[in-house]
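Novice: below are the sequence and a predicted model for it; my questions follow.
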2 protein chains.
Amino acid sequence: MTEAGPQRPVATLEGPACCRSGLAAPLDRSTAEDLARLLKAVADPARLQLLSLIRASAAGEACVCDLTEPLGLSQPTVSHHLKVLAEAGLVVRERRGAWAWYAVVPERLGELAAVLR
Amino acid sequence: MTEAGPQRPVATLEGPACCRSGLAAPLDRSTAEDLARLLKAVADPARLQLLSLIRASAAGEACVCDLTEPLGLSQPTVSHHLKVLAEAGLVVRERRGAWAWYAVVPERLGELAAVLR
DNA sequence: GAGCGACATCGACTGCCGTCAATGTATGGG
DNA sequence: CCCATACATTGACGGCAGTCGATGTCGCTC
């Protein structure tokens, strides 16, 4: 059921819209936990490499088989990391035949970057 | 000796200068680990609250005693988190009498944000 | 200088996270 | 229809990270 669950703890990050500068105002516990959850998804060497590899791919997307070797990790591990990234909304998955193609969501990365500065 | 160790694994993040867009090009393992180390320092609810609290303080700095209560954590735990942030270069410490004042380093946060987008 | 107050460090416990081998599921080809 | 391929899930293991109480250290005050 992990496939199409729209109510995930991914956090909105944008409260009342406007120019939220993130850490400008004191964060309450709940908001901080949401943000931390999202940052944890990126705070891993393997997942950072995955994001960079996918982004650097020809069409901006890549399948698992192309990612396993350059990372030097087993296929289940790569799948696991991609799932974490997907649940954080940082990548999207698209089944195409027997393959699963992953593409990064630049807007999501932008949100993350915007909150930090 | 932890006070003045200049050779810590904080990572430079800026390789050959220029406009490094971070995840644009494939990251090698070592670079990814450095970046992840830095992101891990921020990927924690308590530390995010600390950063926001310090930044929202009057003079842009705060002592431990002012941070313990709003976080609802023990003093040793707060000290621990501040040490992690300091080792990542995200905050600086200044002893003033019996108190220790912490201030955020906006440039460091900016670097982090720049790498993500 | 003796005692107090602010912070740092230590040691221990607990839970979470990254990793893999083994297994399950589905798609496509012969 | 059966097998090979691509990917996901499960279960288990090891290590790390967050938390606290207890203790250590430094500066201030009387």
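Specialist: Structure received.
Novice: and stretch A:97-108, does that touch DNA strand C?
Specialist: Yes - using CB under 7 Å from any atom of the strand, we find that stretch A:97-108 touches DNA strand C at A:97-98. The way it works is simple: take the backbone N, C-alpha and C, and place the C-beta from them, glycine included.
Novice: how about residues contacting that stretch?
Specialist: Stretch A:97-108 is contacted from outside by A:51, A:54-55, A:60-65, A:67, A:82, A:85-86, A:88-95, B:23, B:117, using CB atoms under 8 Å, 6 or more residues apart in numbering or on different chains.
Novice: what is the distance between that stretch and the centre of its chain?
Specialist: Using CA atoms, centre = their mean, to the nearest Å, we find the averaged C-alpha position of stretch A:97-108 to lie 10 Å away from the chain's own average C-alpha position.
Novice: near chain B, which residues of chain A?
Specialist: Near chain B, the residues belonging to chain A are A:22-27, A:29, A:32-33, A:35-36, A:39-40, A:42-46, A:48-49, A:51-53, A:55-56, A:70, A:72, A:104, A:106, A:109-110, A:112-114, A:116-117 when assessed by CB under 8 Å from any CB of the partner chain.
Novice: so of the residues you listed, which ones are in strands?
Specialist: When DSSP state E is applied, the residues of chain A next to chain B are split such that residue A:104 fall in strands.
Novice: what subset of the residues of chain A next to chain B is buried?
Specialist: Among the residues of chain A next to chain B, those classed as buried by neighbour count (16 or more other CB atoms under 10 Å in any protein chain shown) are A:22-23, A:26-27, A:32-33, A:35-36, A:39-40, A:42-46, A:48-49, A:51-53, A:55, A:104, A:109, A:112-114, A:116-117.
Novice: still on that earlier bit, which ones among the residues of chain A next to chain B map onto helices?
Specialist: For these, membership in helices holds for A:29, A:32-33, A:35-36, A:39-40, A:42, A:45-46, A:48-49, A:51-53, A:55-56, A:70, A:106, A:109-110, A:112-114, A:116, with DSSP state H as the criterion.
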